[in-house]
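Undergrad: Generate a structure from the sequence data that follows.
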Amino acid sequence: MFGRVPKKSDTTKYYETLGASKSASQDELKKAYKKAAIKNHPDKGGDPEKFKELAQAYEVLSNPEKREIYDQYGEDALKEGMGGGGPSHNPFNMYESFFGGVFGGAGSSRGRRQKHGKDVVHTLKVSLEDLYNGTTKKLSLSRNIICQKCKGKGSKSGISGRCYGCQGSGMKFTTRRIGLGMIQQMQHVCPVCRGSGEVINEKDKCPQCRGNKITQEKKVLEVQVEKGMQHGQKIVFEGQADQAPDTISGNVVFVLQLKEHPKFKRKFDDLYVEHTLNLTEALCGFQFVLNHLDGRQLLIKSNSGEIFKPGQSKAINNEGMPHHQSPFIRGRLYIHFNVDFPNSGIISSEQCRTLETILPPRSSKRLTGMELDNCEETTLHDVNIEDEMRRKQQQQQQRYREAYDEDDEPSIPSVQCAQQ
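TA: Purely as a prediction, here's the structure:
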């Protein structure tokens, strides 16, 4: 079948390497390999050559066809091409496929439990119109991705060696004496492998990533700002952060930051706006147009005969912010009215008498001449009460400081004259 009968060679070496008998079952071979591989893993301080031999032996003996050939003709028959070619030359691939990456050393990327990468958080400024109407913003971001050429191995062959500077742990320890009988131990990232625990031969480095295992990628993300979203709400793109070998990529998170609006204020799902009326509008009625956040024009008007007082508020149902994920339901729009009174001197005495015939009568009674003679006349001055209170407080603080300074002055002892 093969043209000639292969020369017989040693048929017991692989069994001795695993520490199993030639009659061992597949389960027994598996247990033997598991025990020996954990013991001899390079990242656990084991012998790298022994680790390779274990992988080679188990790969052959775990394959029924190869095992049969090996049992009859030995290792040389496999090298000559019988049984589908020789064994794999990467023992770590065998180890990872066997254990699922669970039993590896903590300092090596091979066989390590995957860690979670950090989330990348960005602030996204939005207007109140954006949150009212909804919008889509396209943002260009740069991120690290696994090198496509070497599949994140960093080398052409896909093989990397253990860093002997840190023994594959990625960290180095240094000690120094800080006193009599006292030493200090410090831990720092290995400068040779930069914390990876692996080193790649210069000639074997991937030409695309130069052994870094990652490359840069520019990605455009379309951020959907939905109607009714709130200030501080997060929009998450799962797994879109930086990629790294043996790492579950983190998320890209956008945090909405609402810009201040010149007219509207938002509280939960309600909108607030202020409008100033002059005295005529407050007493005789008004109407005006309010431009809403979606471009609609709302006609706001008072009812016939209705008088508006300073600080009065009105509400319009279903004209507030849309509810998030229920945009057809909206909050209320509140309008706070201020009344701008006319300045002194605008209304003449004759006009005042005309107004008195229309407005409610004065609440205070008219005083007689005798009553006026018994009163002391006063003068009213314009004042800003907030400025007055601030000035009073400053004066009071100045008095306290002066009183404190006087208490600190040293007292001069009295001197009595000596009697002659």
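
Undergrad: pretty sure T247 contacts K118?
TA: No: counting by Cβ atoms under 8 Å, T247 does not reach K118; the two are 9.6 Å apart. (Glycine included, C-beta is placed from N, CA and C.)

Undergrad: More neighbours: which of those two?
TA: The neighbour comparison of T247 against K118 (other Cβ atoms under 10 Å) goes to T247, with 18 against 11.

Undergrad: Pick out the residue closest to the middle of this protein.
TA: What sits nearest the mean C-alpha location of the chain, by Cα atoms, centre = their mean, is V121, with 3.4 Å.

Undergrad: Now that residue: closest residue in space that isn't a chain neighbour?
TA: What sits nearest to V121 in space, not counting adjacent residues and going by Cβ to Cβ, 6 or more residues apart in numbering, is V253, at 4.7 Å.

Undergrad: tell me the contacts of that neighbour?
TA: Listed by Cβ atoms under 8 Å, 6 or more residues apart in numbering, the contact set of V253 reads 119-122, 234-237.

Undergrad: Mind checking what helix or strand follows the strand or helix carrying it in sequence?
TA: Element membership of V253 [criterion: DSSP states H and E] is strand 252-258. Next helix or strand after strand 252-258 toward the C-terminus (DSSP H and E): strand 265-267.

Undergrad: My read is that I200 contacts S155, right?
TA: Yes: contact criterion Cβ under 8 Å: I200 and S155 qualify, at 4.8 Å.

Undergrad: Those two: which is more packed in?
TA: Remark: of I200 and S155, I200 carries more neighbours, 24 against 19, as counted by other Cβ under 10 Å.

Undergrad: That one and R210, how far apart?
TA: Distance of I200 to R210, given as Cβ to Cβ, to the nearest Å: 9 Å.

Undergrad: And Y73, by the same measure?
TA: Taken as Cβ to Cβ, the span from Y73 to R210 is 45 Å.

Undergrad: Between the two, which is the more surrounded one?
TA: Between Y73 and R210, Y73 has the larger neighbour count (other Cβ under 10 Å), namely 19 against 13.

Undergrad: separation between that one and Q56?
TA: 16 Å.

Undergrad: What of H292?
TA: For H292, the distance to Q56 - Cβ to Cβ - is 76 Å.

Undergrad: more neighbours, these two?
TA: Q56 (21 against 16).

Undergrad: The more buried one - that's part of a strand, no?
TA: No: according to DSSP: H, G, I helix; E, B strand; the rest coil, Q56 belongs to no strand; its state is helix.

Undergrad: Would you map out the domains in the protein?
TA: Following automatic domain parsing, one finds the domains of the chain at 13-99, 265-340.

Undergrad: Let me see the mean pLDDT of the longest one.
TA: In this model, domain 13-99 has an average pLDDT of 76.

Undergrad: For the nearest residue to L367 once chain neighbours are set aside, give me phi and psi.
TA: Nearest residue to L367, sequence neighbours excluded (Cβ to Cβ, 6+ apart): C375, at 7.7 Å. Per-residue torsions, C375: phi -100, psi 150 (degrees, to the nearest 10).

Undergrad: isn't the residue nearest to the centre of the chain right next to V255, touching?
TA: Yes: the criterion here is Cβ under 8 Å, and V121 meets it with V255 at 6.3 Å.

Undergrad: What segments of the stretch 1-150 of the chain are helices?
TA: Taking DSSP state H, counting those that start in this stretch as the test, the helices found in the stretch 1-150 of the chain are 13-18, 26-40, 48-61, 64-73, 75-79, 91-99, 128-133.

Undergrad: who wins for proximity to G168 among those?
TA: Proximity to G168 (Cβ to Cβ) singles out helix 48-61 among the helices of the stretch 1-150 of the chain, at 10.2 Å.

Undergrad: and the closest one, what other elements does it pack with?
TA: Where contact means 3 or more Cβ pairs under 8 Å, 6 or more residues apart in numbering; DSSP states H and E, helix 48-61 is packed against helix 13-18, helix 26-40, helix 64-73, helix 91-99.

Undergrad: follow-up on the earlier one: pick the most deeply packed of the domains of the chain.
TA: By mean neighbour count, with neighbours taken as mean count of other Cβ atoms under 10 Å, domain 13-99 ranks first of these at a mean of 17.

Undergrad: L258 is in contact with K265, correct?
TA: No: using Cβ under 8 Å, K265 is not in contact with L258, being 10.5 Å away.

Undergrad: Quick one: residues contacting G305.
TA: By Cβ under 8 Å, 6+ apart, the neighbours of G305 are G285.

Undergrad: Then the one 3 residues further on?
TA: Contact analysis of F308 by Cβ under 8 Å, 6+ apart lists 277, 281-282, 286, 302, 337, 339.
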